[in-house]
Every structure is written in C-alpha cells, then in structure tokens.
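Enquirer: one predicted model, sequence on top.
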Amino acid sequence: MNSSNNLNVIYSLSTAPFFAKKMNTQFEVDKFELYTAALSSLTRQKEGNITIMHCDKHAYDYIKQKGLLNLWSEVRITLPDNFYDEKSQTKIDARMFWAAGKLFALRATQSPVLMLDTDFIAWKLPKLSNKIIAAHHEDLSPNVYPPISHFEMNEEYTFAEELDYEIKPLNTAFLYLPCEEFKQFYIEHSLEFMRNSKSCDDYLTYMVYAEQRLLPMLAKLKGAETETLLNFPNLNENNEHYTHIWGAKQVMRDNPKELERFLAKCRKRIRHDFPECEWIISKIES
Amino acid sequence: MNSFNWLDYIDFLNNYNQLIPTINSSLKSCCCSSFRSICSWGGSFAFGSYNFGSFLTGSYSFSSFMFWIGSFNFSSFEFGDFSSLSFTDLLNIDSCNDCDFDFVKVTKFWAAIKGEPLNLFGYGIDLI
C-alpha cells in the first residue's frame, strides 16, 4: 500500500503545441488555468505531496517571468522543445498530439506517480494501492474514439491483435500509476502510436487514442487493475473531492462575466485556504 | 435534490439573455426532434403536480414559461428530478436544421438553472 505522503504529483506545461499553431505569437496561459494550477499544487502540497511541474524551456521562461516558479515544489525543464524525442530521434507532431508533453513528463518521473492536469484539483486523494487510478471512463463515442480503421499509420505500424478494443477509455486528467514497469510500457506504446501516425488535421481522435484509449487496453493486457474516481457520465454526483474545469474553459473564453465570476471564486478560495499566498494572486493578476 | 438558487437564475438570465429570443422562436415554430427532446426533458422536472412539459408545448411560449416560473417563490422550492438529467441525455439532444435550437443553447440553459453554469462543462467547479 502506497502512502500519499511524499508522493510525487506531476504537472506538465509544453509550448510546442502552441507554437506549432501560432508562430510568432506570445505564449500565455489563461488566467483561469493559472488559478486552478495554483489551487491544485497548493492543495497537494498542504497534504504532504511533492509537486513537480515539468516544462520545456519556453514554458519555464514564461513561469519565471510570471513570478510563479515557487508555486510548485520543483519546476524542471524535462520536456523537449518541438516534441523532438531524443530517445527515438524522431519528432512528434505537436499539433496532432498536443498532450504528448504529459507522456514525456511521465517518462521523466519514477512511479508511483500521480499526474494531474493543470485544470484539475484533487481536494482529497483516494486511497492509493497497486491499482491504476484515472479520473473516469469515457464512452466509446465514434466521433471521439473511432474504430482503428480510421487511423492512417505508417506501414511498419500494426495494431496489436491481443488488445481489447471494446474497453472504455480512461480520462487521464487524474492518473495514478503505481508501477514503473507498466508506466514505461504505456509510454512507449503511446509514443510509438504518435510517431507512426501520418500527419493530418485531426487534432482529437489520434491524441485521445494514444493517451486515453490505449491505457486501459494495455492495462488489461498486462493484468493491471484500474479504477476511477468518478462514475461517468454522472460526474457531479457524489463528487466531493475533484474539480476539473474541462469544457468550461471554452465557456469562460466566450463569456467574460462567467470568467470573472470563476476568477473571483478562485481568489476567495486561495485567500481562505492559503492566506500566506496572496503573492500568487498578485502575480497572476499582474 | 438541488436547491434552486434564484440569484443564480437571475444571473443566468442576464448572462444568456441573448439566447432567449432564439429559444422562444424555436419553441413557437418548430416541431423538430430537439423540440420533442425538450418536451420530454421538461416533463422530467415536474415538481408537485405541475409538469413543466405542458408549458413547453402547445401555445405557451418560452417567455410565458419564464413568467410562469417567475411567479413562484423559489426560495422555498427544490427541483425534483431535474438533476437526474445526465450528460448523456443532453448529448442525445441534436441540433436542428429547421431552427436554432441546438445542444449548446440547451445545455447552457440547463446548466444555469442547476445553479453552477460551469459545472455542466466540467465538474466539481462548485467545490472551489
């Protein structure tokens, strides 16, 4: 049984997907995401976890320039610029695989490890054991998770026949991986899929296959048990411990009033739970 | 049971008032599948002997529906089965080619009425 004390909780911030889409633009993180990242890290630290932000050089400079380096226990430059993978000496398409930074961050951290998205706050951790824990299942909706015949791959890539393609994907906004061997297995299969995908303008189905659909299939293959924090689709039912901004990001981008209401909530919560961290509000607002 | 938050509801009207004319005209003129979904959806949040579904059909416009529920003192009410409408139910509400009644508008409306508009698009946002 793994204690959550001294658990490594990792986050990632990579600029490669941003610059792949918007060259010659200044990189910025939405204010609401900075606030959730702050609440997420501070809450985990309060419970004895070590929080590590993995980023690339541009992201590091951005965090430093915002004055937020102390938000995490450590900020490490471990993610490759432009998603060039030194290990395989290949480049991952940063537009298609915008979340590949999470895989690189996982590779740089020893299990047991908990990886959280920066818009995910775990107010309390579940009991940790030798099971993989993800946020929740997702439906095998064909728009998001099409059959594997949909994917255009390099000739040398084959979809393994021994995988169970009927298993529901796992949402990895919260992902606890207790076993180093399985973690490496998952990372290598995920990156292999990314490396062998033919470049196209599909920015959803390829990414979620590599990150979220492969995970439970590989777990089943290896006999690794999985569990989830919440029951999909009723994610707000009996949920007392987990916040995920998820699709509300777009709502806030579209609706300034909703955004301001949310930011005010975050500021209030930081002042209430972490009165010594007023500096964070000043930095985010500056 | 979700307590109805009247202030949030007013806030919703202020935030999303641009949607109301569209929804209003859709309800008056269209009998599309979305509309029927909304009718059954309306029927799912009956409280007491009242059934909102009947107010979303027939000759009642969206405005009069608003007026009708506005005449109640909601501080003493709780919504009954309203919270049982799941995300999947909402996904089953399609956009309609004949009117502007689409998934996004409906979900925004529903989410706002639940009291935490952002909770539909993420989860646990009310925990902050």
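Expert: Happy to help now that I have it.
Enquirer: tally of neighbours for A:A59?
Expert: A:A59: 24 surrounding residues under other C-beta atoms under 10 Å in any protein chain shown. C-beta: built from backbone N, CA, C; applies to glycine.
Enquirer: how about the nearest residue to it once chain neighbours are set aside, what does it touch?
Expert: Spatial nearest neighbour of A:A59, excluding adjacent residues (C-beta to C-beta, 6 or more residues apart in numbering or on different chains): A:L13 at 4.3 Å. Counting by C-beta atoms under 8 Å, 6 or more residues apart in numbering or on different chains, A:L13 touches A:V29, A:M53, A:H54, A:C55, A:D56, A:A59, A:Y62, A:I63, A:L79, A:G101, A:T118.
Enquirer: how near is A:L13 to chain B?
Expert: 19 Å (C-beta to the nearest C-beta, to the nearest Å).
Enquirer: pLDDT at residue 127, what is it?
Expert: Since you didn't name a chain, this refers to chain A. On pLDDT, A:K127 comes in at 95.
Enquirer: that's the wrong chain, I meant chain B
Expert: What the model reports for B:L127 is a pLDDT of 90.
Enquirer: what helix or strand is the residue nearest to it when sequence neighbours are not counted on?
Expert: Among residues not flanking B:L127 along the chain, A:T243 sits closest, at 5.1 Å (C-beta to C-beta, 6+ apart). Element membership of A:T243, judged by DSSP states H and E, is strand A:242-244.
Enquirer: again with A:S111
Expert: Going by DSSP H and E, A:S111 is not in any helix or strand.
Enquirer: and stretch A:198-214, end to end?
Expert: Stretch A:198-214 has an end-to-end distance of 18 Å (criterion: C-alpha to C-alpha, to the nearest Å).
Enquirer: below-threshold pLDDT in chain B: ranges please.
Expert: In the predicted model of chain B, residues B:1-121 satisfy pLDDT under 70.
Enquirer: picking that back up, in helices, which of the contacts of A:L13 fall?
Expert: A:A59, A:Y62, A:I63, A:G101 (DSSP state H).
Enquirer: chain A: strands as residue ranges?
Expert: A:8-13, A:50-55, A:74-77, A:84-85, A:90-91, A:113-116, A:120-122, A:132-137, A:170-177, A:226-228, A:242-244 (DSSP state E).
Enquirer: could I get these as a markdown table with distance to A:R269 and mean pLDDT?
Expert: A markdown table is the format used below for these (distance: least, C-beta to C-beta, whole Å; pLDDT from 0 to 100):
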| stretch | distance to A:R269 | mean pLDDT |
| --- | --- | --- |
| strand A:8-13 | 18 | 97 |
| strand A:50-55 | 17 | 97 |
| strand A:74-77 | 23 | 97 |
| strand A:84-85 | 38 | 87 |
| strand A:90-91 | 40 | 89 |
| strand A:113-116 | 17 | 98 |
| strand A:120-122 | 9 | 98 |
| strand A:132-137 | 21 | 96 |
| strand A:170-177 | 19 | 97 |
| strand A:226-228 | 25 | 97 |
| strand A:242-244 | 10 | 95 |
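Enquirer: ranking these by burial, who's on top?
Expert: Mean neighbour count (mean count of other C-beta atoms under 10 Å in any protein chain shown) peaks for strand A:120-122 among the strands of chain A, with a mean of 26.
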